[in-house]
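J.: need a 3D model of the following:
(2 chains)
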Amino acid sequence: MRTTFLAVVFITLSLHGFTQTSESSEVLRLLQEQLARQEHERLRITTRWRVRIEVFARPEDRVRSAEHSVQERLQQGELRREDAEWLLQSIRKSAKGSASECIVKVEGQGDFWITSGKVCSLDDGGTSLATKEVLLPGSYVIAASPISVETSQVQTVPELVEPLSVNSVRPEATGSHMPGNPLLSRIFLLGENPLRWLPLEFVSVRKEDGMYVIDSRHWHYKLTRVKEQWTGSSGSLNSSESKLPKSLSARLKVSFFIDPTKGFAVSRFQGIQGEEVVEVRRWRRFGTLLLPEQIVMQRFVMDVHGGERAVQNGITYLVGAQVVRRPVSKITIDLLSVEKTTRRIALKDLLPPNRAVADYRLGLDTGQVVFYRYEGVLPSLQQLSVMYQQQEQRRREESGVNVGQTARWLWILPALLILVGLLWYLRSRKL
Amino acid sequence: MIESLLMSGVLLVTILLHTGKIVPVTTESRFLLFVLTLFFACVSVMYFLARVDHSFLPSFSQLAEVSYGWVWITAFLSVWLGKCCCKTWLKVASGAVGVLLLVLLAGILVHAAGYLPYRWGLSYTYAGYSRPHGMLMSPLEAGIVALVTWAWGMFWMAQSDTRRWIGTLLVGMSSAAVYLTLSRSAWLGLGVAVGVGTLFALHRRFLWLPLGVTVGVFALSSLALPIGWSRSVYAAQGDPSVASRLTAWHKMPTTLAQYPFGVPDEVRSVAIRRQEIAQPGSALNFYVEIGLAYGVLPLLLTGMLFFLLLLRAWQLGSSNLPEFAWGLGTIATVVALLFTYPSVLVSIPLGGFWGMVSAMEVNSDATTRVHAD
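T.: Prediction:
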């Protein structure tokens, strides 16, 4: 009797689980289709966007505290003087707020996008660099070398950058025209399918207030792929060597909100621990397509107040610290114009051979860049890896020989002093 | 190991020169001086290019770093050789270093007045007060430079011509600069030098005036900027800069036992992670740094050289010659370097200053220490 009861319960639960999984897969398939359709349509239009970036000033007490921390680490030998100088410069820069604006043109070319315009950057130092980039859906970025333009010409910049001279090939999660997290700009501005960036084993779908929500435990955070656990710092100011308190380490979850009433367009994104929030505030209809007319991207950081430093296994923790969420920047992106793409350009025309290329596809975060001459075909990642090893070997040999040899040349000086000293000593004894 | 042995050899030659066991010969001295001058020229150019822009010839900064430890000792020997065998070189070098010191001192005072002629990324503050360092990298270095110019001012104050008044001004400015940097190592150096000077002054009345000017200006500066008075209290309350030095010094015996020829380059990169090893550059003590970089024997020989230098300083101070000032300056700088180490820019005048003191004759009737060919 008991066995039969347990068997029935087991079968019921299994069926329930199976139905749920199957339902979830069905929804995911639906979203995949809809998002791919959106992407397909967006690859056929040309849009112009105005990007306004506001970086908020860092509170004075946080600046002082960060400066103090760097000084302390310098004095304790944790930082080199040059690194400390760089960190302090960044901290002081962050004490002032700033605002900048740029225009970005996005041309859908059927199977890739061309973006052009002034480089949009959160830490814009007033320089105006115009670039042109090719973004392949779900794949890498091919960028032209930036050219300097007068600020007054910025409005007409997209037309200035012709033709595209290949300068660098970068991993997918980059893009100079994409302020903030470039991946988010690709998804919202270009209309790229977010599921291209989210491996399905890390994805789950749910429905919330009539919206489909794609939750992912895999994401690209500051050019680094992160999964499951997020232990990234709240800013580069603390440098990669600093360790965050345990309380800030959290399970990774990012969420995309898909609105079925807006043709299954992505309407909201919520990032790691609420660090990044993107919302579409207004929509514009273009044929059958609903385009975001105003996108607002906000970034927040967790400030750590107080707490006592405790060192455990060489890692510094702050015990009893208070964590406060603070807005860091706001990017407002307005759609200026939209039209069907009339000018067709083939990818091979954009990438003429015999160009010097810096290829970053092995990882921008690891600084693995490979230099070579582009001869019509880009090497695969495996080939690139081999090329990197060879290049590093050459670099090590050359730099090791140079500095090592010069250091040995330097030994001539003390050797000469010793030799002459010995000579004088022997002479003195004879006298 | 080779570097350790070479450094030991050079230190030994320096000690033998200082004690008169080695007598330099003019021709070879001039040749050596020429080579050393070339070395300084190269190091200076590399250092400044590397400082101006890290991305510009990055190997320059590496090379400047490699040659860094040799700068002070070669400057020491250069002045020694110049004093013995090439007076023209010494005049030119003294003039250049003199101008450099004045510019650096002016930079410190201008910075103290609120204007920084050249901004390094790093600034040093204490309780909201921005500690001046002018064109130098830190207030600690600024303190060391001010101690050298203070000795120079004391020397000119002891002259009977117009240099006396310029010397008074220099002593005043240097004492003010030492205070304003809030560098406790420079304060300590100045304090010990003034203490020793007071002992000498008991028998030489002419010393009271320069010492009085020093103490007076220092006291007036402290009244103008009373924040400095809390520096010692701050140290007693667990100042991290003192604590970090003590921690590194505490690790020195273990480090030297493990690396008797100095911490090798390949270990330096992982030294931060290895808690039991003092990383070169972290001890902030000139003498300990030599031990960490070059090993036990250079450390002992450096100790011996500076002991002999302090003896010479004592002899100079005891004499009735104006050179007593250089003796006091030596005491001040040797003490101050217990808590810091100079960069390339300061190593050149500092090594040259010690070389000059080492090559000085205390007894004016002494026979010359050079052989003609």
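
J.: OK, contacts around residue B:214?
T.: Contacts for residue B:214 (Cβ atoms under 8 Å, 6 or more residues apart in numbering or on different chains) come out as B:150, B:154, B:171, B:175, B:190, B:194. The C-beta positions use only the backbone N, C-alpha and C, and glycine is treated the same way.

J.: where does it land in three-state SS?
T.: Classification of residue B:214 by DSSP: H, G, I helix; E, B strand; the rest coil places it in helix.

J.: quick one: pLDDT of the residue nearest to it when sequence neighbours are not counted?
T.: Computed as Cβ to Cβ, 6 or more residues apart in numbering or on different chains, the closest residue to residue B:214 that is not its neighbour in sequence is residue B:175, at 4.8 Å. Reading off the confidence values, residue B:175 has pLDDT 93.

J.: did I read that right, residue B:175 in a helix?
T.: Yes: according to three-state DSSP, residue B:175 belongs to a helix.

J.: what sits against it?
T.: With contacts taken as Cβ under 8 Å, 6+ apart, residue B:175 has the following neighbours: B:146, B:150, B:190, B:213-215, B:217-218, B:221.

J.: Throw the contacts of residue B:214 into CSV and include secondary structure and distance to residue A:76, thanks.
T.: As requested, the contacts of residue B:214 are arranged in CSV below (DSSP: H, G, I helix; E, B strand; the rest coil; distance: Cβ to Cβ, whole Å):
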residue, secondary structure, distance to residue A:76
B:150, helix, 31
B:154, helix, 36
B:171, helix, 36
B:175, helix, 31
B:190, helix, 27
B:194, helix, 32
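
J.: alpha carbons only: can I get the strand or helix carrying residue B:330 in PDB?
T.: With elements taken from DSSP states H and E, the one containing residue B:330 is helix B:324-336. What follows is the C-alpha trace of helix B:324-336 in PDB, where atoms were taken according to Å, rounded to 0.1, in the frame of the first residue of the first chain:
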ATOM      1  CA  PHE B 324      81.500  71.400  10.300                       C
ATOM      2  CA  ALA B 325      78.300  72.200   8.400                       C
ATOM      3  CA  TRP B 326      78.900  69.300   6.000                       C
ATOM      4  CA  GLY B 327      79.400  67.000   9.000                       C
ATOM      5  CA  LEU B 328      76.100  68.000  10.500                       C
ATOM      6  CA  GLY B 329      74.400  67.600   7.100                       C
ATOM      7  CA  THR B 330      75.800  64.100   6.900                       C
ATOM      8  CA  ILE B 331      74.500  63.200  10.300                       C
ATOM      9  CA  ALA B 332      71.100  64.600   9.300                       C
ATOM     10  CA  THR B 333      70.800  62.800   6.000                       C
ATOM     11  CA  VAL B 334      72.200  59.500   7.400                       C
ATOM     12  CA  VAL B 335      69.600  59.500  10.200                       C
ATOM     13  CA  ALA B 336      66.700  60.600   7.900                       C
END
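
J.: from the chain's centroid, how far away is it?
T.: Taking Cα atoms, centre = their mean, to the nearest Å, the mean C-alpha location of helix B:324-336 is offset from the chain mean by 9 Å.

J.: same deal with stretch B:101-108?
T.: Distance, centroid of stretch B:101-108 to centroid of chain: 15 Å (Cα atoms, centre = their mean).

J.: can you give the contact residues for it?
T.: Against stretch B:101-108 from outside (Cβ under 8 Å, 6+ apart): B:117-118, B:132-136, B:142, B:145-146, B:148-149, B:152, B:173-174, B:177, B:180-181, B:349.

J.: residues of that stretch that come out buried?
T.: For stretch B:101-108, the buried set under the neighbour-count rule, 16 or more other Cβ atoms under 10 Å in any protein chain shown, comprises B:101, B:104-108.

J.: just give me the neighbour total for the residue in the stretch 201-350 of chain B that chain A sits nearest to.
T.: Minimum separation of the stretch 201-350 of chain B from chain A (Cβ to the nearest Cβ) falls at residue B:282, amounting to 3.0 Å. Burial of residue B:282, expressed as a neighbour count using other Cβ atoms under 10 Å in any protein chain shown, amounts to 23.
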